[in-house]
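Engineer: Coordinates only, no sequence provided:
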């Protein structure tokens, strides 16, 4: 089981494309565990004080979120690699690669890059409407 998790994870990291078949829960949990172990806030004996370093008091909450609490990006560039959050940065890059793969598979072959950002539903809708308004200023929405 561990070997299959390792191979699936390695193939995902190398190809940066959606796998042909879905992963088991164990494989997904293995990947998330490996990624979170790379973030400096999860190093034994480390007490981070940076603005993006995750500090979670409750072990229940930490486990629920696979110990992924470190912020990504750098000042002025949300897509930049955060050296203290190697695992979270890798996950952000993999997520963007997988999203780009989905975009291309859906027919947008000329897409070159994408950026996946966490936003709540309301914020996502506002951003979508603002973009539509910029692209089609004379259109009526409502």
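Structural biologist: Received the coordinates, thanks. Please read all numbers here as calculations on a predicted model, not as lab measurements. Numbers count the residues shown, from 1 in each chain.

Engineer: drop to CA atoms for contacts and neighbour counts, all remaining ones
Structural biologist: Noted.

Engineer: tell me the centre residue of the protein?
Structural biologist: Residue closest to the average C-alpha location in the chain (CA atoms, centre = their mean): residue 92, at 3.3 Å.

Engineer: For that residue, which residues are in contact?
Structural biologist: Residues in contact with residue 92 (CA atoms under 8 Å, 6 or more residues apart in numbering) are 72, 116.

Engineer: what about 6 Å?
Structural biologist: For residue 92, the contact set (CA atoms under 6 Å, 6 or more residues apart in numbering) is empty.

Engineer: quick one: which helix or strand includes it?
Structural biologist: Secondary-structure assignment from DSSP states H and E places residue 92 in helix 86-105.

Engineer: Next SSE downstream of that helix?
Structural biologist: helix 121-135.

Engineer: Quick one: distance of that next one to the chain centre.
Structural biologist: How far helix 121-135 lies from its chain's middle: 21 Å, per CA atoms, centre = their mean, to the nearest Å.

Engineer: quick one: average confidence on it?
Structural biologist: Average pLDDT, helix 121-135: 86.

Engineer: excluding its backbone neighbours, what's nearest residue 47?
Structural biologist: Among residues not flanking residue 47 along the chain, residue 41 sits closest, at 6.8 Å (CA to CA, 6 or more residues apart in numbering).

Engineer: My error: substitute residue 94 in the last question.
Structural biologist: Distances taken as CA to CA, 6+ apart place residue 16 nearest to residue 94, at 6.3 Å, with adjacent residues excluded.
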